[in-house]
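S.K.: all I have is the shape, not the residue letters:
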């Protein structure tokens with residue numbers, strides 16, 4: 001139960017080594033128990049469900065730009081660094097359960113950032129750009 005209901009005081013998840021002294025069992029016993037119940041505290045899955053009613057149209061526009069760019073153009077996309085640790089997420093983390101890893105949303109609170117999608121016409125040097133307006137969860141959910 002400790003594996004499912006608590007986190008260690010000095011880490012994000014239990015390991016067999018950290019769990020052993022707390023329970024009085026050895027590391028091998030903890031490993032066998034976890035394997036028997038399909039527990040893998042070190043694993044997590046990510047999910048993302050967009051509340052944006054125009055999500056499908058936006059995806060088609062963006063994918064279409066990559067698949068069929070304007071003639072003699074280079075398509076560029078600039079976004080935030082993907083490896084920055086998410087400190088705040090818009091939905092709670094779904095807990096670890098037997099046979100199911102911990103699950104968390106893919107995104108994090110972005111505080112109204114703006115994305116820029118552009119294509120560069122290399123022949124003329126013109127940038128063909130479209131700005132996506134600031135996007136907040138409250139505005140999408142109410143639409």
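M.R.: That came through, no problem. Bear in mind that the values here come from a model prediction, so they are computed numbers and not experimental data.

S.K.: helices of this protein, start to end?
M.R.: For the chain, the helices defined by DSSP state H occupy 2-5, 16-23, 27-37, 55-67, 137-141.

S.K.: report the buried residues of the second one.
M.R.: For helix 16-23, the neighbour count (16 or more other Cβ atoms under 10 Å) marks 16, 18, 19, 20 as buried. Where C-beta positions appear, they are placed from N, C-alpha and C, glycine not excepted.

S.K.: what's it in contact with?
M.R.: 2, 3, 8, 11, 25, 26, 27, 28, 29, 30, 31, 34 (Cβ atoms under 8 Å, 6 or more residues apart in numbering).

S.K.: which one of those sits closest to residue 96?
M.R.: The closest of the contacts of helix 16-23 to residue 96 turns out to be residue 3 (Cβ to Cβ; 7.1 Å).

S.K.: just to revisit the earlier point, what would the buried residues of helix 16-23 look like in TSV with pLDDT?
M.R.: Output for the buried residues of helix 16-23, formatted as TSV (pLDDT from 0 to 100):
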residue	pLDDT
16	91
18	91
19	92
20	92
